[in-house]
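A.B. asks: Please work out how this folds:
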Amino acid sequence: SIINDRQYKWAINVAKNAKTKWKILLTHKSPYSNGPHHKDSDVKNVGKQINDIAYYGGIDLVIGGHDHVYVRTPVMTQGYKAKCKKSKILYKNMSYNLYEKFLGSIYVVPGTSGVKNYKQYFPIDFNYDKIIKLDCPVFSTIKTDKNVLYFDAYCYDIKSKKISRIDNFALVKNEISLNE
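C.D. replies: The predicted structure is shown next:
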């Protein structure tokens with residue numbers, strides 16, 4: 001299924017006119033997944049709409065679900081890898097993969113906080129920065145500090161009861177022109 005026309009226009013309008021520093025879109029289905037539903041026609045159709053909402057709404061981060069896999073894209077614009085400056089940053093004694101001067105969105109399918117991890121399928125037909133084969137529950141955190149958003153993903157090992165950091169990135173909110 002797809003988002004009906006009224007909801008679709010409403011979502012773009014709300015996102016475009018939001019007066020927030022950061023715009024994060026939460027979706028049930030993600031356009032960028034390699035789980036068992038990634039080729040379903042409804043996922044493909046709603047994925048195109050999600051890409052449009054992210055693009056026209058100026059969304060920085062899209063977090064999707066449905067498939068219990070862990071996938072993170074680079075900065076994407078309308079299905080394509082976007083130009084941006086990549087480096088590293090240290091924040092509270094933790095290293096982050098830093099993206100700055102970007103026009104687009106990072107998409108994350110953050111796994112599952114339960115124990116039902118899905119099989120991942122390859123090859124995939126989109127750019128990705130990180131794919132993790134999960135065998136544990138995953139949780140994520142988002143922090144902001146001034147003009148930086150910090151994202152961390154953690155795995156909880158049920159047997160050892162230990163938590164390990166499995167992914168991270170940071171976004172710097174810079175004002176940039178379309179000509180950069």
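
A.B. asks: So which bits of stretch 4-15 are buried?
C.D. replies: By neighbour count, with 16 or more other CB atoms under 10 Å as the criterion, the buried positions of stretch 4-15 are 11-12, 15. C-beta coordinates here come from the backbone N, C-alpha and C atoms, glycine included.

A.B. asks: quick one: pLDDT of residue 178?
C.D. replies: Predicted confidence (pLDDT) for residue 178: 47.

A.B. asks: how much distance is there from stretch 108-118 to the middle of the chain?
C.D. replies: Here the centre of mass of C-alpha atoms in stretch 108-118, compared against the chain's by CA atoms, centre = their mean, to the nearest Å, lies 14 Å away.

A.B. asks: Just the CA trace of that stretch, in CSV.
C.D. replies: In CSV, the C-alpha atoms belonging to stretch 108-118 read as follows (Å, rounded to 0.1, in the frame of the first residue of the first chain):
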residue,chain,number,x,y,z
VAL,A,108,18.7,3.5,9.4
VAL,A,109,16.9,0.2,10.0
PRO,A,110,17.9,-0.3,13.6
GLY,A,111,17.4,-4.0,14.1
THR,A,112,15.1,-5.2,16.8
SER,A,113,15.0,-4.8,20.6
GLY,A,114,13.6,-8.3,20.8
VAL,A,115,15.2,-11.7,19.8
LYS,A,116,13.6,-12.2,16.4
ASN,A,117,16.3,-11.2,13.9
TYR,A,118,15.6,-11.6,10.2
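
A.B. asks: Export the buried residues of stretch 4-15 as a markdown table, with columns for distance to residue 78.
C.D. replies: Compiled in a markdown table, those are given as follows (distance: CB to CB, whole Å):
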| residue | distance to residue 78 |
| --- | --- |
| 11 | 16 |
| 12 | 14 |
| 15 | 15 |
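
A.B. asks: got these as JSON lines, with distance to residue 76, pLDDT and secondary structure columns?
C.D. replies: Output for the buried residues of stretch 4-15, formatted as JSON lines (distance: CB to CB, whole Å; pLDDT from 0 to 100; DSSP: H, G, I helix; E, B strand; the rest coil):
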{"residue": "11", "distance to residue 76": "18", "pLDDT": "95", "secondary structure": "helix"}
{"residue": "12", "distance to residue 76": "17", "pLDDT": "96", "secondary structure": "helix"}
{"residue": "15", "distance to residue 76": "16", "pLDDT": "96", "secondary structure": "helix"}
